[in-house]
Structures are given as C-alpha cells and as structure tokens.
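J.: Predicted coordinates and the sequence they were generated for:
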Amino acid sequence: MGGVGGSMFRGVDAESQRRRNAQAPRVPDLGRRVVALFQPYRWRILATAVLVVVGAAVAVIPPLLVQRIFDDALFPVDGSAPDLRLLALLVSAMIVLFLFSAVLNVAQTWFTATVGNRVTGDLRVRLFDHLQRMELAFFTRTKTGVIQSRLQNDVGGVSSVLTNTVTSILGNAVTVIASLVAMILIDWRLTLIAVALMPFLIFVQRRVGQVRARIAGETQESLSELSAITQETLSVSGILLSKSFNRQRTESARFDAENDNQVRLQVRRAMSGQGFFAVVQVLMSSVPAVIYFVAGYLVSGGAGGITAGTIVAFTTVQARLLMPLMGLMRVALDVQTSSALFARIFEYLDLTPAITDAPDAATVAAAPGPVGKVEFRDVVFRYPDAPPQARATLDGVSFTVEPGQHVAFVGPSGAGKTTILYLTPRMYEAVGGQVLFSGADVRTLEAASIIDSIGIVSQETYLFHATVRDNLRYAKPDATDDEIEQACRAANIHYVIAGFEAGYDTVVGERGYRLSGGEKQRIAIARVLLKDPPVLLLDEATSALDTVSERIVQEALETASHGRTTLSIAHRLSTVVGADRIHVVDAGRIVESGTHAELLAADGLYASLAAEQLAATQVFVEEVRATAGAGRPALPSRRGDEAP
C-alpha cells in the first residue's frame, strides 16, 4: 500500500505542496459553466422565479397595510373615531396574504429542492462518468482517496449552493428591491439614511469572500487527505499491513493530525466573516433608532408627510430589509467560497482522456485480419510521468501472435512485460510504432470493441464485496446458473464453491479476502470463461500461489487457453514450457525468441533464468528433505486449494 505508513516517506515540502494544491485551479468561464448546469431545468427555474417574485412582492404588502391601519383605521388623520369596518377589512386582507405567502413558500421549496438536488446529482454522475473514461495511467498516479474526495466532498460542498442559490438570490433580491421601493414611497428622506452604509458593506463583503474561498480550498484538500488515509488504512490490505508491522498507533496519529487540521480549517471557515455579519446586524438593527431620531427632528422642524403611521410602516419595511440583505450577502459569500470547489470539480471535468476513439473508429468485426491476431511493429512506449532522461519502457518491440497461438513473455522484473500486455487492449497508448489487433491499428478501432474481444487474468485478482455469483456475472450479466456452473467446472472451482455453506451465494468479502489465493484466481478464470473472448491475456496469474495452487490454477488456465490466442507473462518458467513461442524481454527489448527447447539450447538469458529457478528448486527440495529427516513435518498445503 503506497499510503500506509506514508508519513515516513513524506518529504519536507509536503505541507507546502498541499498549500499549492489547495489553491483553486484557474478555470476559464467558471461562472458561465456553473450557470450552464441549470440549463436542462430552465422551465422549472422559471416557475421557481415566478413564485419567488410573487412571494417577495406579496411579503411587502402587509407593511403598507400597517400604515393604512394606523393612519386610516385606528388613528384617522382627521381625528375621527376608529373605523372598525375598515380595520376588519385590512386585518382580513393581511391574514389572507399570510396564508397565500405560506402556500407560495411550500411550492417554492419543492421546486428549489427538486432543481438543486437534480443539478447536484447530474454533476456527480457527470464527474463519475468522465472519470470512467480516463486512461489507466491517470489512476496509477492519483490516490483513490483523492478521487473519491473530489466526487463526494467537493460535489457535496457545492450542493447547498446549487440548491439554494437561485431562489435565495431571486427571493432576497426581489424582497430588497420591493422593500426599497416601498421605503421610497413612504419617505425618500428616511430611505437615504437607511441605505447610506450599503456600499461600504458590499466592499467589505467581497474581501471576506476572498478569504473564505482560500480557506475552502485548504479545507477540501485536507478532506482529500483524510479520505486517502481512510481508504488506504481501513481497507483489508491496509489494516493487514498496519497490524503486521504493529503500526496502528502510527496510522491513528497520522489520521488524528490530519483531523486536527481539518477541525482547525472548519472553525476558521465558520468564523470567517462572522465579525462582518455581526457589524452588519448591529448597524441594520440600529437603523430604526436613527430613523426615530431623524423623524423627531423632521417633525419638530415642520417637515410634512411624517406621521406615526409613516414611521411605523417605514421601520416595519426597513426591518424586513435586514434578513434578505444579510441573506444576499451570505449567498454572495457562499458563491465566492464555492467557486474554489467548482474550480476543483471542473478541473477534473476538463481532464482530457489520453486514449480516445477516433471519429471514424471501426469495430473489431470490421477489421481486415482474422479475429485473435495480435501484432507489434517497432513499438515504443514511455509512461507519461517518466522523466525525459529515463529510458523508454519499451523500445522497438516487434512480434506476431497468430489466432490460437500461445505466446509467453519472460524476463527480469521491470523489463516491460506487463506493459506489452496492456498495450494490446489499448489501456496504454504506444508513442511509437504500431499495435495491431485483427490486422488493424488499435488506434483505428473502438476501444470497447477491443476489450469485448479480450479476457484478462491478472496476478492480483479483484473481487467485489458481493456473492460469488454476482462476481461471476460481472462478465456476463445475463448468464444463466447453468452457464456459471459450467464456467466454474472448467476453471476447477465448482466443487470448492459447492462446498461453501451458501454455495454460489457466498459473500467473498472485500477484494475476495475470505477466499484463498488459488480460489480467487480460479473464480477470475471462470469469470473470463463466462465472457468467452477470442484473446486471453495472463499477467503472472500463478506467481503468487503455492505449488499445489499453481498446479490447479495452471490446469484451469490451460483449459481456458484452449482454442484462444493467449499472451501470458510468466514468473515461473515451468508454466510456459508448452508455449508455441517464448519471447525474452530485457530492458524494454525482446532479446531472445523461440520455443523452450530452442531457448535452452541458445544458452542465453532464458537459459540463465531457467538455471536460477532450477537451482532454487533443488535448494528448496534439499531443505525439505533435511527438515523431514529431523523429524519435523512438512508444511501442509492450504485446504481451500486442494484439488476437488
């Protein structure tokens, strides 16, 4: 595991690197692209906007009725008795408006929740789908936890903005505008006093938003690190490694340190701007007192139009201005803050897959050559993140595999064998030369069509935390139970599965850890047999197994290879003795080719590898004999890997 115990391998610049990563990436036309997310729901947004405008307009009417209640019904300006009939009518109108406003709020909330959550869901699916199209090299150089954080934490972080921004901006803006209009209609002089501080507040709000955006970027980067630590250390492989080296306390300390950093950032994020909003609230709440004072001067100075009803109505409207104005400022801050998260999301959406289908890509069925023929012509390959001075991983590799042939690749570790295998289905892209499949350059074929024609059995078998049956049906979702059983019989695993208490409904655990290595490999072989591809790629499928398991799995592989073009990588040369042709790879080049007997006779690298393995086997046999002679029992084989 790359990250388990990773604190030991961090450089001194790790924190500065994180700070650089925390800076929001520059994304052109960010605002326009965020608005474009709402395009599919424009009619619902229009309906929401109508409801918001109507609701905001209705909310301003009651304060105006208050003025009529005071000046016309309760305390008529002509000094007459209260008009109870007019009072009843105005009060009834206010109650009806309150009921209507409540209904509008319910409808508005439904539209808002529907649109906002759908946009969030669309963004999440769009990001996941885009990541599915990324090339294999992207995932080999990026932490899984970091990818998960972008998909979950970043999208989740903008969810509230997507859900509430439109209605909040519309509702609060209409309320503010309507309130200002009502205030001007009541008394323009008092209105000037009430809004005098707004330009200053807007300026301060922008500065606060910039600070919060920076903190948001650092917070999401910390969340990415937490996700990565969790994913690495709490997986089965990670927990096994930490327990094996007694590093649980180290991992807990690493998580605790990052968690402290996350708490600190969350507190900073929560507190940033609180002083600003406290000042805003104090200032806006103090305006009525100032209005009373100014109104007193105006009345004492003989200014006309200032009545008790005017003052009550004005302060009522002005009080209604406080919440929507603060709401607008909070939304503006949220939008500024979320811009960092949107930038991180669009940064991933803007990644261009290094391997894509050509516009006129054809299917394998339309290729000119026979299905199953594989050919490399002077293939050169470098990994994208390799330093320029490093040698090419593959340099001028050429070979041909005819349909039905078994061709094996052997050689030292790091020679480039696995790269050859994964260039065949175009999971990597050659930088020079040609890789041909069924007589056509793989760059001219649809990638999905090539993959449909290939079955891969890797050294590290991946099984989902699901039943045996579900894992097998991953290759063929519509496979019948009989087809599944037939594939498992061919892979020498049916009787083992049948011996489980739940049979094919046995849950295998995360990555199949409830099964032995040999059992997992045979299930992987059965999965490929269920797919029934014409080409089979075997990436050291038996190198991690004990001798008994290797023999059983090798028998299953021979069955699976029968009648199929097979390219295999072998660690143990005994598994490729019967191959039609063996290529010896060293330092990115094929240095020898031939059958097993021919290569031994050539007395080259292959012969040296064979001699080393033979010597190692003889030493092992002698040690076993010596142990048995000393009266110690030999190590038993794993029960789950015994032949049925």
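T.: Yes, it's here. Numbering: from 1, shown residues only.
J.: For G416, report the pLDDT, please.
T.: Listed pLDDT for G416 reads 88.
J.: Could you measure from it over to A430?
T.: Per Cβ to Cβ, to the nearest Å, G416 is found 12 Å from A430. Using the backbone N, CA and C atoms, a C-beta is placed for each residue, glycine as well.
J.: so who does A579 touch?
T.: 406-408, 568, 595-596 (Cβ atoms under 8 Å, 6 or more residues apart in numbering).
J.: Now do the host helix or strand of V397: which elements does it pack against?
T.: Assessed by DSSP states H and E, V397 sits inside strand 394-401. On a contact count with 3 or more Cβ pairs under 8 Å, 6 or more residues apart in numbering; DSSP states H and E, strand 394-401 meets strand 374-381, helix 417-423, strand 432-437, strand 581-586, strand 589-594.
J.: mind saving the C-alpha coords of the last one as CSV?
T.: Same thing as strand 589-594. Output of strand 589-594 as CSV, limited to C-alpha atoms (Å, rounded to 0.1, in the frame of the first residue of the first chain):
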residue,chain,number,x,y,z
ARG,A,589,13.6,-5.1,-25.8
ILE,A,590,12.9,-8.6,-27.0
VAL,A,591,16.4,-10.1,-26.8
GLU,A,592,15.5,-13.8,-27.5
SER,A,593,12.7,-15.7,-29.1
GLY,A,594,11.9,-19.4,-29.6
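J.: any idea of the angle it forms with strand 581-586?
T.: Angle of strand 589-594 versus strand 581-586, following axes from the mean of the first three to the mean of the last three Cα atoms, to 10 degrees, is 150 degrees.
J.: neighbouring strands for strand 589-594, and are they parallel or not?
T.: Its sheet considered, strand 589-594 pairs with strand 581-586 (antiparallel) by DSSP bridges.
J.: average pLDDT for the host helix or strand of L614?
T.: Per DSSP H and E, L614 falls inside helix 605-629. Throughout helix 605-629, pLDDT has a mean value of 69.
J.: Tell me the one among the contacts of A579 nearest to I306.
T.: Of all the contacts of A579, I306 sits closest to S568, with 95.2 Å by Cβ to Cβ.
J.: Report the beta-bridge partner residues of that closest one.
T.: For S568, the beta-bridge partners under DSSP bridges are A408, L538.
J.: any low-confidence regions in the stretch 51-200 of the chain?
T.: 73, 77-79, 83, 164, 166-167, 197-200 (pLDDT under 70).
J.: quick revisit: could I have the PyMOL command that selects the buried members from the contacts of A579?
T.: Entered in PyMOL, the line below selects the buried ones among the contacts of A579, by 16 or more other Cβ atoms under 10 Å:
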select buried, resi 406+407+408+568+596
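J.: what about V374, how many neighbours?
T.: For V374, the count of nearby residues is 28 (other Cβ atoms under 10 Å).
J.: same question but for N259, I mixed them up
T.: Number of residues near N259 (other Cβ under 10 Å) recorded here: 15.
J.: How is it assigned, secondary-structure-wise?
T.: Classification of N259 by DSSP: H, G, I helix; E, B strand; the rest coil places it in helix.
J.: So the closest residue to D539 other than its chain neighbours versus Q389, what's the distance?
T.: Nearest non-adjacent residue to D539, counting by Cβ to Cβ, 6 or more residues apart in numbering: S458, 4.5 Å away. Per Cβ to Cβ, S458 is found 31 Å from Q389.
J.: Which one's more surrounded, those two?
T.: Higher neighbour count among S458 and Q389: S458, with 17 against 5, using other Cβ under 10 Å.
J.: What score does the more buried one have for pLDDT?
T.: pLDDT, read off for S458, is 82.
J.: cool, E375 as well?
T.: At E375, pLDDT is 93.
J.: To what extent is the closest residue to S593 other than its chain neighbours buried, counted in neighbours?
T.: Distances taken as Cβ to Cβ, 6+ apart place H583 nearest to S593, at 5.0 Å, with adjacent residues excluded. The tally of other residues near H583 (other Cβ under 10 Å) stands at 25.
J.: Need the overlap of contacts for G416 and A430.
T.: 381, 394.
J.: follow-up on the earlier one: list just the nearest of the contacts of A579 to M326.
T.: Closest to M326, out of all of those and judged by Cβ to Cβ, is S568, at 68.3 Å.
J.: Now the element after the longest helix seen in the chain, going C-ward?
T.: When the chain is parsed with DSSP state H, its longest helix is helix 84-132. The first helix or strand that comes after helix 84-132 along the chain, using DSSP H and E, is helix 136-140.
J.: Please state the offset of that next one from the chain centre?
T.: Averaging C-alpha positions (Cα atoms, centre = their mean, to the nearest Å) puts helix 136-140 14 Å from its chain's average.
J.: Residues in contact with that helix: which ones?
T.: In contact with helix 136-140 (Cβ under 8 Å, 6+ apart) are residues 147, 351, 353-354, 383-385, 422, 427-428.
J.: Please identify the buried residues of stretch 574-581?
T.: Buried-residue list, stretch 574-581, by 16+ other Cβ under 10 Å: 574-576, 579, 581.
J.: Please render those as a markdown table that adds pLDDT, secondary structure and distance to H562 to the earlier fields.
T.: A markdown table is the format used below for the buried residues of stretch 574-581 (pLDDT from 0 to 100; DSSP: H, G, I helix; E, B strand; the rest coil; distance: Cβ to Cβ, whole Å):
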| residue | pLDDT | secondary structure | distance to H562 |
| --- | --- | --- | --- |
| S574 | 77 | helix | 19 |
| T575 | 78 | helix | 15 |
| V576 | 82 | helix | 16 |
| A579 | 87 | coil | 13 |
| R581 | 92 | strand | 17 |
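J.: out of those residues, who's nearest V442?
T.: Distances from V442 to these, taken by Cβ to Cβ, are shortest for R581, at 21.1 Å.
J.: That closest one contacts I590, doesn't it?
T.: No. If you go by Cβ atoms under 8 Å, R581 and I590 don't touch, sitting 10.8 Å apart.
J.: Quick check: neighbours shared by those two?
T.: Contacts common to R581 and I590, judged by Cβ under 8 Å, 6+ apart, are F399.
J.: the helices in the stretch 251-400 of the chain, which residues?
T.: 274-300, 308-349 (DSSP state H, counting those that start in this stretch).
J.: Out of these, flag the one nearest V158.
T.: Across the helices of the stretch 251-400 of the chain, closest to V158 is helix 308-349 (Cβ to Cβ), at 4.8 Å.
J.: What average pLDDT does the closest one get?
T.: 75.
J.: that older thread, adding distance to A358, write the helices and strands packed on strand 394-401 out as CSV.
T.: Rendered in CSV, the data for the helices and strands packed on strand 394-401 read as follows (distance: least, Cβ to Cβ, whole Å):
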stretch, distance to A358
strand 374-381, 18
helix 417-423, 17
strand 432-437, 14
strand 581-586, 29
strand 589-594, 28
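J.: out of these, nearest to S222?
T.: helix 417-423 (34.3 Å).
J.: Could you list the residues in contact with that closest one?
T.: 136, 376, 379, 381, 393-394, 397, 409-411, 428-430, 435, 456, 537, 539-540, 567, 569, 585.
J.: which of the contacts of helix 136-140 are buried?
T.: Of the contacts of helix 136-140, these count as buried by 16+ other Cβ under 10 Å: 147, 422, 427-428.
J.: Looking at those, point me to the pair that's furthest apart.
T.: Longest span within these, Cβ to Cβ: I147 and Y422, 20.1 Å.
J.: Look at the closest residue to G509 other than its chain neighbours and say how many residues are nearby.
T.: Counting by Cβ to Cβ, 6+ apart, H465 is the residue found nearest to G509 once chain neighbours are left out, at 6.2 Å. The local packing of H465 (other Cβ under 10 Å) involves 15 other residues.
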